[in-house]
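Participant: Quick one, what's the 3D model for this:
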Amino acid sequence: MLHKTKHKGFTLIELLVVIAIIGLLSTLAVVALNNAREKGRDAKRVADIKSIQTALELYFADQNTYPISAAAGVTMGEGKTVECLDSTGMAASCGAGQVYMGKLPKNPLPAGAEANYTYIAKSTTANTGACAAGPCKGYVITFALESPTGDFPVGTLYAIPSGVSTTNPDP
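Facilitator: Residues are numbered from 1 along each chain as shown. Model prediction:
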């Protein structure tokens with residue numbers, strides 16, 4: 001008499017194959033998520049810099065100068081040296097005058113280390129020479145990207161009144 005054997009469950013090999021496939025898929029998902037986060041932080045940085053540049057141009061149109069800064073520059077954003085751009089210039093908090101940007105954006109934390117947006121007023125339209133007394137005719141905002149974003153490469157970039165540069169105009 002022949003006995004029919006019914007298998008209940010999976011073999012060890014089948015289980016190991018399924019676990020390996022799940023591990024591979026989860027690894028790919030984590031890598032894709034990290035890349036998306038990096039690109040998201042960089043997109044925010046580019047948008048932040050464009051917003052700051054717009055506020056600086058409005059300030060310049062009203063004051064005929066860019067805000068004065070220390071020669072070493074000031075770090076911008078919540079919890080930083082300056083948090084506001086008003087008619088007095090870069091300030092720790094907004095005063096009673098015209099407000100150009102109520103909350104200067106803070107650079108999002110890149111992979112484990114914080115980099116800042118640093119503003120330095122320049123005495124010339126060529127964005128050279130620190131400007132500690134007005135009128136300031138240029139500025140340089142230093143920021144960094146983690147991955148290529150739009151037309152911008154990875155690394156340190158410099159926002160100046162005419163746009164964004166990959167080289168420091170005043171090394």
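Participant: can you list contacts of the helix or strand of the chain with the lowest mean pLDDT?
Facilitator: Lowest by mean pLDDT, DSSP states H and E among the helices and strands of the chain is strand 74-76, with a mean of 84. For strand 74-76, contacts defined as C-beta atoms under 8 Å, 6 or more residues apart in numbering pick out 52, 80-83, 90, 104-106, 116-120, 141. Bear in mind the C-beta positions are built from the backbone N, C-alpha and C, glycine included.
Participant: chain center to it, what's the gap?
Facilitator: 13 Å (C-alpha atoms, centre = their mean, to the nearest Å).
Participant: now swap in stretch 149-157 and tell me
Facilitator: 11 Å.
Participant: Pick out the residue nearest the middle of this structure.
Facilitator: Centroid-nearest residue in the chain: residue 45, 2.7 Å away (criterion: C-alpha atoms, centre = their mean).
Participant: Can you verify that residue is assigned to a helix?
Facilitator: Yes: Residue 45 forms part of a helix when assessed by DSSP: H, G, I helix; E, B strand; the rest coil.
Participant: excluding its backbone neighbours, what's nearest it?
Facilitator: Of all residues not flanking residue 45 in the chain, residue 143 sits nearest, at 5.7 Å (C-beta to C-beta, 6 or more residues apart in numbering).
Participant: rewinding a little: give the pairing partners of the following helix or strand past the least confident helix or strand of the chain; include direction for each.
Facilitator: Following strand 74-76 in sequence order, the next helix or strand is strand 84-86 (DSSP states H and E). Here strand 84-86 has these sheet partners by DSSP bridges: strand 89-91 (antiparallel), strand 99-101 (antiparallel).
Participant: What are the boundaries of the helices in this structure?
Facilitator: Secondary structure of the chain, counting by DSSP state H: helices at 12-63.
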